[in-house]
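Undergrad: Got a predicted structure here, sequence first:
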Amino acid sequence: MLNEVLEIKKKILFRLVDSGINITPKSLDAIAQLENPQDSLNKILKDLAILPSFKSHITEEILLKTNSTELLKILKRITFYKEKQKLHDVQESQDVDLKKGSRTSRILTTSKTKMTSNLLGESIPQTKFPQKQYAIKEEKRFQILKRNQEKSFESSGSKTHFSPVARDYDHDYKIISDPTGKLYTTGDYEDFYALTLDKFKKLLSLMQKRQDVKSSMNIKNILSLRGTTEVSAIGLVNNIHHTKNGNVIFTLEDLTGEITVLVRKDLDNPEIFKIIERTINDQMLYIEGSYNPANNSKSGIIYANYLTKIDIPANYKPSMASVPLSIALISDTHIGSKEFEEKTFERFINFLNGKIGSSNQRNLAGRIKYLVINGDLVDGIGVYPNQQDDLIIKDIYEQYKYAHELLSRIPDYIKIFYVAGNHEPVRNAIPRPAVPRKYCEDLVALGVKCLGNPSIISTHGVKTLIYHGEGIHDMNLLIHDLDINKPTETMKEFLKCRHLAPIYGEKTQLAPTNKDWLVIEKIPDVFHTAHVHINGYGKYRNVNLINSGCFQDQTDYMRSFGIDPTPGKVPILELDTLKIQEIDFKRII
């Protein structure tokens with residue numbers, strides 16, 4: 001990561017040098033942090049070219065006059081950190097000099113002058129100097145910076161002062177959705193019907209919001225037609241399969257009836273086959289096509305020429321926070337297991353306390369205001385056959401006692417959200433309520449917010465959908481080109497069909513509640529899953545996709561499923577930019 005940043009900075013620098021443009025180090029840092037630095041530099045230079053005050057010297061003050069919102073946020077963050085550190089340095093100087101008997105007034109006057117001159121960056125003379133000489137100096141500076149950062153990375157027990165930005169901000173979070181305390185069922189037929197009915201109505205409402213969905217007919221009315229007619233319909237898919245001729249045939253069902261739909265392999269629309277190849281039973285589709293009635297007028301077939309899932313709008317714009325804070329996303333710690341990566345998890349805790357890592361990594365740690373634990377905090381008891389052989393703590397209460405001991409060492413300004421996974425002492429079927437208080441009373445006293453699965457939280461306006469991910473396995477088994485090692489591809493399919501476990505009756509246990517909590521009614525800014533113990537990152541139509549890995553090494557049970565875990569890798573999301581940074585705690589010192 002360090003080498004990549006240095007290379008980006010060098011490319012930017014040498015391009016500016018060739019153009020006869022100088023740049024301050026802070027300005028260079030800010031531009032290098034942009035999502036597409038080279039493209040962004042083109043736009044920045046266009047903005048600067050029309051500014052009368054621009055004299056071929058890029059400073060932070062000049063950059064504040066550009067039209068880049070992303071750049072302004074980065075500059076704000078850099079300035080905040082630098083000034084905060086300067087204030088700390090001034091305070092330390094005062095403390096030292098006071099002990100020596102020096103005058104406080106002289107220190108305050110000197111520091112005030114420095115703060116004024118450096119408010120937006122280092123003061124650099126506007127006089128020009130030889131460009132090649134400048135480039136050579138900057139190259140040496142990069143090499144020194146690289147060596148210093150490597151030394152910082154390799155050193156342990158750093159004494160560097162840790163002044164977390166996150167401590168200066170109040171918590172600002174909301175629980176938008178949590179099934180805990182709202183899951184009522186008797187297991188009767190009426191409950192199963194109520195669940196299916198609620199699912200259909202919610203998905204139908206979402207489908208009808210699509211701009212390309214025309215006024216559809218109900219299936220009963222389509223079946224009453226006497227001649228060949230162009231129709232459109234919305235319904236749930238059932239019995240989907242390929243014919244021996246390579247066509248795809250399925251049944252479409254709504255509240256009024258069901259009808260057969262055929263998608264020809266020779267249809268001149270490859271996008272339809274991309275959709276249909278990743279369609280499974282119980283997903284909702286909108287179709288357009290030609291209806292051909294049968295001779296008895298009680299059945300018929302629709303030859304589809306267009307179809308679509310609900311999906312996420314292509315122009316969706318996620319919310320971003322206005323403050324420079326971050327959220328760390330972890331899962332599957334499996335405390336109590338013999339394979340629990342205890343030392344790795346302790347490094348994570350030390351990182352949160354600013355005790356390890358380079359200067360940049362400590363700055364990153366200091367911005368973390370929230371922590372999400374997405375299920376399987378403990379390994380549980382009797383979750384899978386012969387689990388007792390894999391346990392080092394064989395009592396569920398003792399597992400939670402040790403979890404409390406570890407989590408209590410996390411800084412108190414970090415708010416922790418804990419969602420129930422399939423290893424927790426709570427029912428296995430989803431939606432799943434939060435872990436009962438009798439098991440995790442110490443965690444609740446610590447301030448941990450226990451939530452059901454799935455839940456949606458908002459942190460400084462950024463919505464995060466937290467789902468442990470039980471439905472991932474069914475999707476991977478039923479859609480041939482999905483891979484457990486690429487979890488974000490499966491996550492995209494959840495978003496496209498707007499449901500977290502679309503098929504009923506497979507391995508994923510679904511509780512027959514009167515409300516379907518697994519419909520994705522609200523589009524999240526961040527979609528966080530877990531369960532498969534493999535890190536994955538992506539983006540789909542501006543929704544950030546994060547599958548957090550684990551803190552557990554491979555067990556025999558994982559090996560039997562072909563799961564090769566990625567323990568110790570933690571994604572950290574910047575709430576003001578929605579950028580993700582990963583820290584590998586098996587390597588950090």
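TA: Here it is on my side, so go on.

Undergrad: From here on, just use CA atoms for contacts and neighbour counts.
TA: Fine.

Undergrad: Please list all residues in contact with residue 507.
TA: Going by CA atoms under 8 Å, 6 or more residues apart in numbering, residue 507 touches 473, 474.

Undergrad: what's the spacing between it and residue 68?
TA: 48 Å (CA to CA, to the nearest Å).

Undergrad: again with residue 161
TA: 33 Å.

Undergrad: Helices along the stretch 451-589 of the chain, start to end?
TA: Secondary structure of the stretch 451-589 of the chain, counting by DSSP state H, counting those that start in this stretch: helices at 472-478, 487-497, 556-560.

Undergrad: possible to save the ones you listed as JSON lines with mean pLDDT and distance to residue 11?
TA: JSON lines is the format used below for those (pLDDT from 0 to 100; distance: least, CA to CA, whole Å):
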{"stretch": "helix 472-478", "mean pLDDT": "96", "distance to residue 11": "41"}
{"stretch": "helix 487-497", "mean pLDDT": "98", "distance to residue 11": "32"}
{"stretch": "helix 556-560", "mean pLDDT": "80", "distance to residue 11": "44"}
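
Undergrad: Most tightly packed of those helices?
TA: Compared across those, helix 487-497 shows the largest average neighbour count, a mean of 23 (mean count of other CA atoms under 10 Å).

Undergrad: Quick one: residues in contact with that helix.
TA: Residues contacting helix 487-497 (CA under 8 Å, 6+ apart): 278, 283-284, 309-312, 472, 475-476, 482-483, 500-502, 520, 529, 532, 534-538, 540, 545-547.

Undergrad: Select only the buried ones of those in PyMOL?
TA: A single PyMOL command suffices to select whichever of the contacts of helix 487-497 are buried according to 16 or more other CA atoms under 10 Å:
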select buried, resi 283+284+309+310+311+312+472+475+476+482+483+500+501+502+520+529+532+534+535+536+537+538+540+545+546+547
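
Undergrad: Restricted to strands, list the contacts of helix 487-497.
TA: Judged by DSSP state E, the contacts of helix 487-497 include 284, 529, 536, 537, 538, 540, 545, 546, 547 as members of strands.

Undergrad: so which of those residues would you say is closest to residue 16?
TA: The closest of the ones in strands among the contacts of helix 487-497 to residue 16 turns out to be residue 538 (CA to CA; 32.1 Å).

Undergrad: if I look at that closest one, how far off is residue 492?
TA: Taking CA to CA, one finds residue 538 at 9 Å from residue 492.

Undergrad: Likewise for residue 248?
TA: 22 Å.

Undergrad: What ranges in the stretch 201-350 of the chain fall below the confidence cut-off?
TA: Applying pLDDT under 70 to the stretch 201-350 of the chain picks out residues 296-297.

Undergrad: All the helices of it, residue numbers only.
TA: Shown for the stretch 201-350 of the chain, the helices assigned by DSSP H, counting those that start in this stretch span residues 219-223, 270-277, 342-352.

Undergrad: Tell me the helices and strands packed up against the first one.
TA: Right, helix 219-223. strand 257-263 (3 or more CA pairs under 8 Å, 6 or more residues apart in numbering; DSSP states H and E).

Undergrad: Restricting to C-alpha, output stretch 528-543 in CSV.
TA: Provided in CSV are the C-alpha atoms of stretch 528-543 (Å, rounded to 0.1, in the frame of the first residue of the first chain):
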residue,chain,number,x,y,z
HIS,A,528,-22.2,-5.7,5.3
THR,A,529,-22.3,-9.5,5.3
ALA,A,530,-20.1,-12.2,6.9
HIS,A,531,-20.5,-16.0,7.6
VAL,A,532,-18.2,-17.4,4.9
HIS,A,533,-15.0,-16.2,6.7
ILE,A,534,-13.6,-14.7,3.6
ASN,A,535,-13.0,-11.0,3.0
GLY,A,536,-14.5,-9.4,0.0
TYR,A,537,-15.0,-5.8,-1.2
GLY,A,538,-16.9,-4.3,-4.1
LYS,A,539,-19.4,-1.8,-5.2
TYR,A,540,-22.7,-2.2,-7.0
ARG,A,541,-24.6,0.8,-8.3
ASN,A,542,-22.8,3.0,-5.7
VAL,A,543,-23.7,0.6,-2.8
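
Undergrad: average model confidence for it?
TA: Per-residue pLDDT values across stretch 528-543 average out to 97.

Undergrad: burial of residue 267, as a residue count?
TA: 13 (other CA atoms under 10 Å).

Undergrad: Also the one 10 residues further on?
TA: Summarising burial for residue 277: neighbours were counted as other CA under 10 Å, giving 14.

Undergrad: can you pull the contacts of it?
TA: Residue 277 neighbours (CA under 8 Å, 6+ apart): residue 479.

Undergrad: change it to 10 Å
TA: Counting by CA atoms under 10 Å, 6 or more residues apart in numbering, residue 277 touches 241, 242, 248, 479, 480, 481.
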